Every structure is written in structure tokens, then in C-alpha cells.
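1. A structural model of the following input is requested.
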Amino acid sequence: MNQDSNKPSANDSAAPNAVAEEHAQLSAEIEHHNRLYYTQDAPTITDHEYDQMMQRLIELESQHPELQSASSPTQRVGAAPLDEFTQITHEQPMLSLSNGFNDQDIHDFDRRLRKEIDLDDERVLEYVAEPKLDGLAVSIFYENGQLKHAATRGDGKVGEDITHNVKTIRSVPLSLGEKAPQRLEVRGEIFMPHAGFAKLNEAQKAQDKKTFVNPRNAAAGSLRQLDSAVTATRPLEIFIYALGVNSDADFANTHAESLQKLAELGFPVCPLLRVVTGVQGCLQYFQDMSAQRSDLAYEIDGIVYKLNRLDWQKAAGFIAKAPRWALAHKFPAQEKSTLVRDIQVQVGRTGAITPVARLEPLFVGGVTVSNVTLHNKAEIERLGVRVGDTVVVRRAGDVIPQIVSVNLEKRPSNSLAYQFPSACPECGSQVVAEGEGIISRCTGGLICGAQVKQAITHFVSRKAMDIDGMGERIVDLLVAQGLIKSVADIYLLTAEQLLELEGFAQKSADNLIAAIQASKKTELPRLLFALGIPQVGETTAEQLAQTFGHIDALSAASKEEFERLPDIGPIVAENITVFFATESNRAVVRQLLENGVEYTPIDVSKHVDLASLPLAEKTIVLTGGLSSMSRSDAKKQLQSLGAKVTGSVSKKTSLVIVGTDAGSKAQKAEELGIETLDEEGLLALLKSL
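-> Residues are numbered from 1 along each chain as shown. The predicted structure is shown next:
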């Protein structure tokens, strides 16, 4: 096939309509060959011939930029890098699937479906069965046949806009032609085949870059690149598995028919898809795919069954997060044995102490596992695991690897039970167990090296000490250079020290020092919140300040005194008590005051009994924007009237204030039948009280 025989040369002075005609014909031909190669695996031209065609198209568009459109094949090479991903709200929620793990689960699924669609006779249900790919679910939306946008699943309601990256995947049609519905959304799974994954890791090694753990991680990392030119170099593929929004009501009557129609429009559909009859048909397909799994070109972690008739899908409906008419039948978890080399503890950014088993590396469930979390002291005791033990490790799909059991027959004769540390390995502070002992935590929150960055970042945040210009990057830099070892050190910084750091000029250094100085005069609730006492949020900090009035009185109070306060339970009371009983924490508080931080003590003699206030016992949530006041001011006014203002809607919520551009909280309030007020209603409420 010679594509050059009837082309005008680059120097020809062809009429614009002739150039446009060539451009249109060439674009269509390239997309046709993309479909043959990437979707049907049946190329009819060589790579060299394809490259010549693409080069000619690029040449035409460089000479006549007006010919380039969003659907041009040249746009698959990547757009300008983004600063960050924006969000897209799904018109129809992207739900997850319920899971089945054995034959009985499939029988139960079929039985429930028959009940939901009121099928009393002996007819056997028809299902569409297909492999469950181990990739990333995406939504791709077309308008008037042109790709408009693409998004990740996200939380099911809102996903990240990955349009530029999806356009680089050559099996994704950019244009659908005249037969496509006016508005069409397709949903599918983006994945990376084994061969492409191996080549990618080889290239990463050659460039001394980090390799990917498995194909799914590689696909995820490729799809979430801010620079789509990077995505364009990655061997990503897609299989479309469902319709979303569709303006053509007569598009199809069955799920299988809808996928066939999508294939005719140019979408890649899994060739292993099969229409099966009844439970036995599903189970036979599961067995067939289990036997083929290791020979497939891509990773799968189960089978998906979907009721074929679309009208019955509609009749079956949905539960909260999944359709009733579909089920994921997961493959059994993979298990292997290995040796526990050591048990060590890690200190998290919040001080949580987590034990980790260091293993003799093994390959299980598609990844090499050398570390497995043991979660907490109780889990170690439940398993009875010791250093030197032979253990069974399980991993299924995306599930975090876990130790299932210990082989006691192989336990060394000299092994000893593991002793959980009583002192933090980072700073030596006491380790205490919270509540029922599920979480163990280092008490040196303000001086512990593992927690210092988290503690400082929280301390300087807007709702705490509000030090403008001191974000995470600056905190990381100051800690790395040894200029800050605790929050008290912030107030010893000088502009001269900052000027020696990368990224600081005189103005930026002066601005940060000015912001630090301005934060010295604060309010007691802000200071208490800034200290980062575990589980002490703004509301609790306000309550503590109003009750005790001074930090000295607070630090001298007993656990029982804290527990007598409304909404402070035993765990929070214990956290406050332990925090102020720890000398290192008290020392940092003293240093803060010595370094110039000051607050006005609260006269507790004027303390109002919260139970007597008009909004006592009321739990209120604010959502959306307010024009007459800030959300923060509204919160303070409501709290001054005795209300508890929280950030999430639950059955315990009394009232939701709904401002402009309110999100899911307003919807949840409506679903739970909770009273709502708009801004006008809020103002009327405040005025009446």
C-alpha cells in the first residue's frame, strides 16, 4: 500500500479545499487503521506506512493550523502539561460491584434477581459474562459524535478530568461518525498488557527510574500524569464494558446488543465476552476463564456477570453503592509461605505505632511482597506470630497482603514471643494504648521526629495559628535544614536564616517572618487546636478553652474533669490527659510562651452553662457558601448559642444549613429526612435567638 502516490508535495500550492479534503481523508484513514490495529488486532499496513501517513497529517496541520481539531489523530501525542486535575461530576453515578466468592454466592445472586424482577416461572435468566480486568474504571463522554471529556470513577459521583490522557490511547475513538447518539457515555477499564508492562519496566531500568510493581499500578501511574505526553508513551489499552448516559432510547434491548453496537461504532470490547444461561452457565464460564487466566495477555482478578435484558436491569435497580443486576465473582486469593525475618515498628505522622513483619521476599498475587503490616499489638497476639516463624501470606487483587496463619510445626525451638515496645523508637517517649488497645500511640507529638512535619504543618494551618506562606514545602525545607525541631522553633526563625535557603528572596523571607510575628497574638481555642492533641478538633478546643480559661488550669485538670464535659468521652479525655502529662509536650508549650506566643485568658467565672443555651443538644452542619457572613462566622454564632457544629451529616444531625453550590451533604440531608435551612432561614433563626 503506497500512501504517497496521489499526495501533493509540501511545496504544492493546493487550493484550501483540496488541502482540507486531503486532511479529512487522511484523518479518517489513520483512525481506520488505529481501529484495525488496536481494536481488532488485524493490521493491514506496516508500521512504516502508518508513520508516513501520520507524518503527512502533522505536516498539513503545521502548514494549515485551522485544520487541527480536538478529534485529529495528531492530538493523541499529548497536550500541554496541566498544573492539576480538575473534577467532573458524573451525570449517572459510577457505582462499584458487589462481590461473590463461591458457587453459593452466585446461586444467591440469581435467586435475589429473580425476586427483584418478579420472575415466578421456570425461565432461566440470561447473563453477559466477561473477565474482570485489573485496571482503572473510566467514563468517556461524546457529544455529537466527538469525544468531549473523560473522567476517573473517583468517589462514584465526582471523578478527575483525564481527557487529555485518555485521548492518547489509540484504541479510544476520538470521533464516532453520524450513527452515534447525540449524547453518549461509555464506561470501560483501562489496563496495561503484560508485554507492554515488561517493556515499560525495562525502559524505566535503562533510565535509572523506579520500576512499577504490577500492571495495574503502571496503568494508574500512567493515567494520572499531569503531562499527557508521558501518558502517550505508555502501552495503555481499554475495553468498554457498559453504557452510561445515552440519548438514544432505542439503542439496544440487551446488554450484549449494546456492546455490539458500541463495537460497531469503533469501541474495543473484550473478545472473551460471552452470553451465558443461568447459574450453571456463569459457573462454567468462571471455570473456563480460570483455566485460561495465566495465558491471557492481561491481568484479570475475576469474572463479572450482568443481567442481559436492560428492562430487567432497570426493574432490579440498585443498592446504595452497586447495581443489583451485576456481580463480580472474584478468583480465590493466592497464598504462599515464607519466613518472618524480623518484626519492627513504624511511627506514623500522627504518632500511631504500627508493627510490620519483614519477610523473606515472595511473589504472590502479582506482586513481590517483603513487608506485611501486622496492624497492632492485638493482631500480633491473635496470630501468635514470632520472628523466625514460617507464615502463610495471602493476597487477592488489590487487597493489601496479609499474614493468614503461622505454621507452628516449623517454629524454631528458641523463638520468643514478640514484646511490643513501651517507648517510641523515634524519640523515646512513652507509648500508650488508646481505647480498647487497638491503637498504640507515641505521646511525644510535639518533639517526635516521625511526627514533627505533621505537627508543624497542622500548627501553622489556617484554622490553627494561621501562618500564611508556611506550606508543606517550606515546612519540609525548614525541618530538613535543621532550623525547626518543634513548633516552638518557628518563633526563633530570622529572615537571615531564610535567605540562605533555596527559593527565598528578601521579600518572601520578610513576608514569612511578618506572618510568624503576627501569629504570636492568638486566642486560646486556636492555640489548643494548633497543639494537635489527638482527636481534639476546633469544637473540642473551644469547649476546653471556655471551661478552663487558661492553659495552666487545663494542663492541671484530671481525666474525670474532662469526661464531665459534653461530647468528650473516655478516649478523648485520656488523650488530653496524657498529652499534658508528658513532659516533652509541656516543655514545648512553655517554649512557645517564652518565645512570644500569647493569648488572652478567658474569665471562666462568666462561663455560660451550655445546657441552658437555646441550641443546646442541636447538631448542625454547614454546607455551601454564604453571602452575608463567612462560614467560620456562622459557625461561631451557632456555637455561641450552644449548637455543636460538625462537618458531616448523619442520623444524629439536627439541622443542615444549605448555602450556594452546596454539595453532597445537602443531598444526604434530604435522603435522611433532616431539616434544612437556606441562608435566609439561618439569618431568621439567629435573629429569633
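2. CA atoms for contacts and neighbours, from now on please.
-> Noted.
3. residue contacts, residue 473?
-> For residue 473, no residue meets the contact criterion (C-alpha atoms under 8 Å, 6 or more residues apart in numbering).
4. Surely it is in a helix?
-> Yes - if the criterion is DSSP: H, G, I helix; E, B strand; the rest coil, then residue 473 is within a helix.
5. Numbering from 595 from now on, please.
-> Okay, using 595 as the starting number, the last item reads as residue 1067.
6. Please tell me the pLDDT value assigned to it.
-> As predicted, residue 1067 sits at a pLDDT of 88.
7. Likewise for the one 3 residues further on?
-> Looking at residue 1070, its pLDDT is 88.
8. In space, what's closest to it - neighbours in sequence excluded?
-> With sequence-adjacent residues excluded and distances taken as C-alpha to C-alpha, 6 or more residues apart in numbering, residue 1070 is closest to residue 1047, at 6.7 Å.
9. what's around that neighbour, how many residues?
-> Residues lying near residue 1047 (other C-alpha atoms under 10 Å) number 24.
10. what do you get for the one 4 residues further on?
-> Applying the criterion other C-alpha under 10 Å, we find 20 residues in the vicinity of residue 1051.
11. Which residue, other than its chain neighbours, is closest to it?
-> residue 1066 (6.2 Å).
12. Please, which helix or strand holds residue 1108?
-> Residue 1108 belongs to helix 1100-1112 when assigned by DSSP states H and E.
13. tell me which residues of that helix are tucked away?
-> 1103-1104, 1106-1107, 1109-1110 (16 or more other C-alpha atoms under 10 Å).
14. likewise stretch 907-922?
-> Those would be 907, 910, 916-922, for stretch 907-922 by 16+ other C-alpha under 10 Å.
15. Which entry within those residues corresponds to the minimum pLDDT?
-> Lowest pLDDT of the buried residues of stretch 907-922: residue 916, 89.
16. Quick check: the gap between residue 941 and residue 821.
-> Distance, residue 941 to residue 821, using C-alpha to C-alpha, to the nearest Å: 34 Å.
17. ok so, going back, how about the CA coordinates for the helix or strand in which the residue nearest to residue 1070 is found, as CSV?
-> Here residue 1047 sits within helix 1046-1053, counting by DSSP H and E. Taking Å, rounded to 0.1, in the frame of the first residue of the first chain, the C-alpha atoms of helix 1046-1053 are listed here in CSV:
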residue,chain,number,x,y,z
VAL,A,1046,7.4,16.7,63.6
LYS,A,1047,6.5,17.6,60.0
GLN,A,1048,2.8,16.7,60.5
ALA,A,1049,2.7,18.6,63.8
ILE,A,1050,4.2,21.8,62.3
THR,A,1051,2.1,21.7,59.2
HIS,A,1052,-1.0,21.4,61.4
PHE,A,1053,0.2,24.1,63.8
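18. who's in contact with that helix?
-> With C-alpha under 8 Å, 6+ apart as the contact definition, helix 1046-1053 has outside contacts at 943-944, 1039-1040, 1058-1059, 1064-1066, 1069-1070, 1073, 1079-1081, 1124-1126.
19. Could I have the ChimeraX command that selects the buried members from the residues you listed?
-> Remark: buried members of the contacts of helix 1046-1053, expressed as a ChimeraX selection using 16+ other C-alpha under 10 Å:
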select :943,944,1039,1040,1058,1059,1064,1066,1069,1070,1073,1079,1080,1081,1124,1125,1126
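20. Next step: the contacts of helix 1046-1053 restricted to helices.
-> Among the contacts of helix 1046-1053, DSSP state H puts 1066, 1069-1070, 1073, 1124 in helices.
21. distance between stretch 937-948 and the chain's centre?
-> In terms of C-alpha atoms, centre = their mean, to the nearest Å, the centre of stretch 937-948 is found 22 Å from the chain centre.
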